[in-house]
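Engineer: Test case, fold it:
(chains A and B)
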Amino acid sequence: MRVRFAPSPTGYLHIGGARTALFNWLFARQQGGQFVLRIEDTDTERSRPELIDVIFRALEWLGLEWDGTPVHQSQRGHLYAGAIEKLLADGAAYWCDCTPDEVKARAESRGGRPGYDGHCRDRGLGPGEGHVVRFRVPDEGTVAFDDVIRGRVSFENANLEDFVVQRSNGSPMFHLANAVDDADQGITHVVRGEDLINVTPKVLLLRQALGTPGELAFAHLPLIVNEKRQKLSKRRDDVSVGDYIDRGYLPEAMVNYLATLGWGPPDGIEIRPLAEIVQLFRLEDVNAAGAFFDVKKLQHFNGEYIRDLSIPQFVSRSTRWLYDEAPWAPERFDVATFEVLAPLVQERVKLLSEVPGYVDFVFLPEPPLDEASWEKVMGKAPELAASVLDHATERFATCEWDAPTLEVALFSYADEHGVAKGKVQAPVRVATTGRTVGPPLFESLEVLGRDETLRRIASARARL
RNA sequence: GCCCCCAUCGUCCAGUGGCCUAGGACGCCGCCCUUUCAAGGCGGUAACACGGGUUCGAAUCCCGUUGGGGGUGCCA
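Structural biologist: Take a look at the predicted model:
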């Protein structure tokens, strides 16, 4: 059994494509079959060759290894030309010189029914400037197929127009290339988005006319939709896989989440290793209804996967945000220091891109200035803040410099003055880290060091 | 307009004629834990679109209605 993922390099890999690739991959691995790639770049106008590699890298990031060498349709023109020649010779296709405008105008005068009217069917035209080749769709009969997910689906030939199989510039249309390649590559199952379900009868008709032996099974996956329940669009929706990589999503979280869109494991355990999903996955159990791409849930998955990392893994996965995209000067960063805080940061972030925000106060010469935090704590209760900072200054000056000791030292204030610990830690937190939220305070101070901590407290005290 | 597909909590998934006073997860709300924020624990909120059948019995089968989506290109 062999499946294929056939992206068109007209854009980066998006969430929908990633899901299609994943389900093909899962099905292939589950069945012990092959998962091959095919680049559908027959439209020379729109294809952007440089995007092919972007798509490959995204697939690699997701961990969806493919079998064999990817096939590029742009390099197989002779195969399609041969197929078109055969169709023409058999009378299954014919030349047409109607311009799109003429087709449209006639459709309108007929009463709004769009589509080609068969104008050139029997005109006996040959090749020529501006001539396309159209497939002659039988006037009667039906094309039907059994969809693994949807059951029997059928179309009346009468509702199909004579579609173009070869453009006027000589390049083949994707239906044609599809029919030829699926046969040539020995594809047994076509697993793709539901948005392509209506091209299936055309491909089937083509296979029939071409005399392609064997059966092709189809499975049309439910579309992934946005909050308005519309098909995800590159224009209006946030769907670039690359963007998710940049935001600090883990590929295992992305792949795991994607697997739950349109499918669910029988035991209900959603977050689990890909290897288990491969075992449990059943194409026939995939839902037929569209699924909403819920970033909140994706984030939850991501958080789970991040917390599941070992510290070395967490550190290495965060590399990019610790060096290249860090808000601090590279020379101020110190991995050993980061590693101390890492476990505390790890259980607080949902995205790796959030990591710098939890430790920047250590590597920046001054605590980041967050006005809202300052106002909330220092602005609202300046007397308490001053009193707490003075207390901290005094106790921190001489005590042992470790988290437990620092905690006792600072919270003695809480006992002495009958103030809640939360109120006591706040001014010190804002003074030293700049924000009201962050990793546990005393571990943070331990890393910051006595001198810097006292300096920052003094600086904040002076600002009150 | 025409063609095709779809229809269980706000969302994702389970449920394949009786185990359903419909289960899990995300989200949301509350409580606990707690130096902030998280994480974790406990609890709660919330759905079978509607109408007909079939059947002793329907979320599950059939038909219709409504609603939603996709397609309708010399894009894929």
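Engineer: okay, A:Arg110: pLDDT?
Structural biologist: A:Arg110 carries a pLDDT value of 81.
Engineer: which residues does the closest residue to it other than its chain neighbours contact?
Structural biologist: Of all residues not flanking A:Arg110 in the chain, A:Asp117 sits nearest, at 6.9 Å (CB to CB, 6 or more residues apart in numbering). (C-beta placed from N, C-alpha, C; glycine too.) Applying CB atoms under 8 Å, 6 or more residues apart in numbering to A:Asp117 gives the contacts A:Val103, A:Arg106, A:Ala107, A:Arg110, A:Glu161.
Engineer: Quote the end-to-end distance of stretch A:371-387.
Structural biologist: Start and end residues of stretch A:371-387 are separated by 21 Å (CA to CA, to the nearest Å).
Engineer: Show residues contacting it.
Structural biologist: Under CB under 8 Å, 6+ apart, the answer for stretch A:371-387 is A:413, A:417, A:419, A:423, A:426-427, A:429-430, A:434-436, A:460-461, A:463-464.
Engineer: circling back: now do the same for the residue nearest to A:Arg110: helix, strand or coil?
Structural biologist: Classification of A:Asp117 using DSSP: H, G, I helix; E, B strand; the rest coil returns coil.
Engineer: repeat for A:Lys234
Structural biologist: Under the three-state scheme (three-state DSSP), A:Lys234 adopts coil.
Engineer: ok, it to RNA strand B distance?
Structural biologist: 11 Å (CB to the nearest atom of the strand, to the nearest Å).
Engineer: List the contacts of that residue.
Structural biologist: With contacts defined as CB under 8 Å, 6+ apart, A:Lys234 is in contact with A:Gly11, A:His14, A:Ser240.
Engineer: okay, who's weakest in the contacts of stretch A:371-387 by pLDDT?
Structural biologist: Lowest pLDDT among the contacts of stretch A:371-387: A:Leu464, with 88.
Engineer: For the contacts of A:Lys234, which single residue is the most surrounded?
Structural biologist: Neighbour counts for those (other CB atoms under 10 Å) peak at A:His14, which has 23 neighbours.
Engineer: What's the mean pLDDT across stretch A:197-207?
Structural biologist: 97.
Engineer: does that stretch come close to RNA strand B?
Structural biologist: Yes: using CB under 7 Å from any atom of the strand, stretch A:197-207 reaches RNA strand B at A:Ile197, A:Asn198, A:Val199.
Engineer: Please compute how far the helix or strand containing A:Glu60 lies from its chain's middle.
Structural biologist: Assessed by DSSP states H and E, A:Glu60 sits inside helix A:50-62. Once both centres are worked out by CA atoms, centre = their mean, to the nearest Å, helix A:50-62 turns out to sit 12 Å from its chain's centre.
Engineer: Check what contacts that helix and list those residues.
Structural biologist: The contact list for helix A:50-62 (CB under 8 Å, 6+ apart) reads A:5, A:7, A:9-13, A:17-18, A:21-22, A:37, A:39, A:41, A:66, A:70, A:72, A:241-242, A:245, A:251, A:254-255.
Engineer: Which of the residues you listed are buried? Put it as a PyMOL command.
Structural biologist: Only the buried members of the contacts of helix A:50-62 enter the following PyMOL selection, criterion being 16 or more other CB atoms under 10 Å:
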select buried, chain A and resi 5+7+9+11+12+13+17+18+21+22+37+39+41+66+70+72+241+245+251+254+255
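Engineer: Mark which of the contacts of helix A:50-62 are part of helices, please.
Structural biologist: A:Gly17, A:Ala18, A:Ala21, A:Leu22, A:Val241, A:Gly242, A:Ile245, A:Pro251, A:Met254, A:Val255 (DSSP state H).
Engineer: Going by distance to RNA strand B, which of those wins?
Structural biologist: Lowest distance from RNA strand B to those (CB to the nearest atom of the strand) belongs to A:Gly17, with 9.2 Å.
Engineer: Find the nearest non-adjacent residue to that closest one, please.
Structural biologist: Using CB to CB, 6+ apart and skipping the chain neighbours, the partner closest in space to A:Gly17 is A:Pro7 (5.6 Å).
Engineer: Confirm for me that that neighbour is in contact with A:Gly16.
Structural biologist: No: between A:Pro7 and A:Gly16 there is no contact under CB atoms under 8 Å: 10.5 Å.
Engineer: is it fair to say A:Asn198 lies in a helix?
Structural biologist: Yes: counting by three-state DSSP, A:Asn198 falls inside a helix.
Engineer: any idea how far it lies from A:Ser154?
Structural biologist: Distance of A:Asn198 to A:Ser154, given as CB to CB, to the nearest Å: 12 Å.
Engineer: who's more crowded, those two?
Structural biologist: A:Asn198 (13 against 10).
Engineer: shouldn't the more buried one be in contact with A:Phe155?
Structural biologist: Yes: counting by CB under 8 Å, A:Asn198 touches A:Phe155, with 7.5 Å between them.
Engineer: could you pull out the helices for the stretch 201-350 of chain A?
Structural biologist: For the stretch 201-350 of chain A, the helices defined by DSSP state H, counting those that start in this stretch occupy A:241-246, A:251-259, A:274-280, A:295-307, A:311-322, A:335-346.
Engineer: Which one of those helices lies nearest to A:Gln185?
Structural biologist: helix A:274-280 (22.6 Å; CB to CB).
Engineer: ok, is that closest one in contact with RNA strand B or not?
Structural biologist: No: judged by CB under 7 Å from any atom of the strand, helix A:274-280 and RNA strand B are separated, with a smallest distance of 10.8 Å.
Engineer: which other helices and strands contact that helix?
Structural biologist: The helices and strands touching helix A:274-280, judged by 3 or more CB pairs under 8 Å, 6 or more residues apart in numbering; DSSP states H and E, are helix A:15-31, helix A:251-259.
Engineer: chain center to it: distance?
Structural biologist: From the chain centre to the centre of helix A:274-280 is a distance of 20 Å (CA atoms, centre = their mean).
Engineer: and what of stretch A:313-328?
Structural biologist: Put simply, stretch A:313-328 sits 21 Å off its chain's centre (CA atoms, centre = their mean).
Engineer: Stretch A:98-111 now?
Structural biologist: With CA atoms, centre = their mean as the basis, stretch A:98-111 stands 40 Å off its chain's centre.
Engineer: Go through that stretch and flag the buried ones.
Structural biologist: For stretch A:98-111, a neighbour-count test (16+ other CB under 10 Å) marks A:Cys98, A:Val103, A:Ala107 as buried.
Engineer: Format these as JSON lines; extra columns: pLDDT.
Structural biologist: Below are the buried residues of stretch A:98-111 laid out as JSON lines (pLDDT from 0 to 100):
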{"residue": "A:Cys98", "pLDDT": "95"}
{"residue": "A:Val103", "pLDDT": "92"}
{"residue": "A:Ala107", "pLDDT": "87"}
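Engineer: Run through these and flag the ones next to RNA strand B.
Structural biologist: Near RNA strand B, by the rule CB under 7 Å from any atom of the strand, you find A:Cys98, A:Val103 out of these.
Engineer: Nearest to A:Pro327 among the buried residues of stretch A:98-111?
Structural biologist: For these, the nearest to A:Pro327 is A:Val103 (57.3 Å; CB to CB).
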